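*Asks:* Pasting the sequence and the predicted coordinates here, then a few questions.
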Amino acid sequence: MSQHEVILLLGSNIGDQKNNIDLALSKINKACTILKKSEYLTSEPVEFASSNIFRNIAVIISTHLSPIQLLDYVKKIEIEMGRLTDSSVSKVYTDRIIDIDIVKYDEIKFISERLTIPHNKHLFEREFSKILLKDLLKKQTHKTIV
C-alpha cells in the first residue's frame, strides 16, 4: 500500500476552537500520520459574515487513503464532532465547530462532483491559508536543514 503526502487545512469558529482542532487532529492521526503542523492562526470569516473568529492550522499528513476515502474520513470526523451543514453541499458558508479541507494530495489534479484537488481557493485566494501554508512549508524546509 503506497503512502501519499497530503496537506489539510483545519478551522473552527465555534466553542473552544483550539480544542476542536486538536480533537480533529487526534482523530485524523488514527488513520493517517501527521508529519508537520503550522502554527495556529486566528482569522476573520471568509465569504460569510459572523462575529465568531476562526482559529486555523495547516498540517501535512501521510496516508494510504485515496482522495475520496480521505474525504469520506474527514467528513465523518466533522459529523462526529457535531458539524451540521456541509458548505460543499449547501453552497452556503456558516459557523462551524470543525472544517477539514484537503488542499493538496501529492502533486495530483483530481476533480469530481465532491472534491477538487488542489484546493485553489486555499492555495491562491485566501490570505489566511497562504500564511498557514507558507509557515508549514518553512517548517518543512527548516526541519530538513537542521
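*Replies:* That came in fine, so what should we check first?

*Asks:* Beyond the worst-scoring helix or strand of the chain on mean pLDDT, next helix or strand please.
*Replies:* Using mean pLDDT, DSSP states H and E, the weakest-scoring helix or strand in the chain turns out to be helix 87-90, at a mean of 53. Going down the chain from helix 87-90, the next helix or strand is strand 99-105, by DSSP states H and E.

*Asks:* And that next one, what does it pack against?
*Replies:* strand 4-12, helix 67-80, strand 116-117 (3 or more C-beta pairs under 8 Å, 6 or more residues apart in numbering; DSSP states H and E). To be clear about C-beta, it is placed using only N, CA and C from the backbone, and glycine gets the same treatment.

*Asks:* So which residues make contact with stretch 73-85?
*Replies:* Here stretch 73-85 makes contact (C-beta atoms under 8 Å, 6 or more residues apart in numbering) with 8, 20, 23-24, 27-28, 31, 65, 86, 92, 94, 96-100, 102.

*Asks:* Can you flag the buried ones in those?
*Replies:* 8, 20, 23-24, 27-28, 31, 65, 96-100, 102 (16 or more other C-beta atoms under 10 Å).

*Asks:* doesn't Ile131 fall inside a helix?
*Replies:* Yes - assessed with DSSP: H, G, I helix; E, B strand; the rest coil, Ile131 lies in a helix.

*Asks:* right, and it touches Leu41 too?
*Replies:* Yes - at 6.0 Å, Ile131 counts as touching Leu41 under the criterion of C-beta atoms under 8 Å.

*Asks:* what's stretch 24-39 in contact with?
*Replies:* Residues external to stretch 24-39 that are found in contact with it (C-beta under 8 Å, 6+ apart): 5-6, 8, 10, 12, 57-63, 65, 70, 73-74, 77-78, 80-81, 98, 100, 132-133, 135-136, 139-140, 143.

*Asks:* how about that stretch: buried residues?
*Replies:* Quick answer for stretch 24-39 (16+ other C-beta under 10 Å): Ala24, Leu25, Lys27, Ile28, Ala31, Cys32, Lys36, Lys37, Ser38.

*Asks:* Any idea how far apart the tips of it sit?
*Replies:* Taking C-alpha to C-alpha, to the nearest Å as the measure, stretch 24-39 stretches 16 Å from start to finish.
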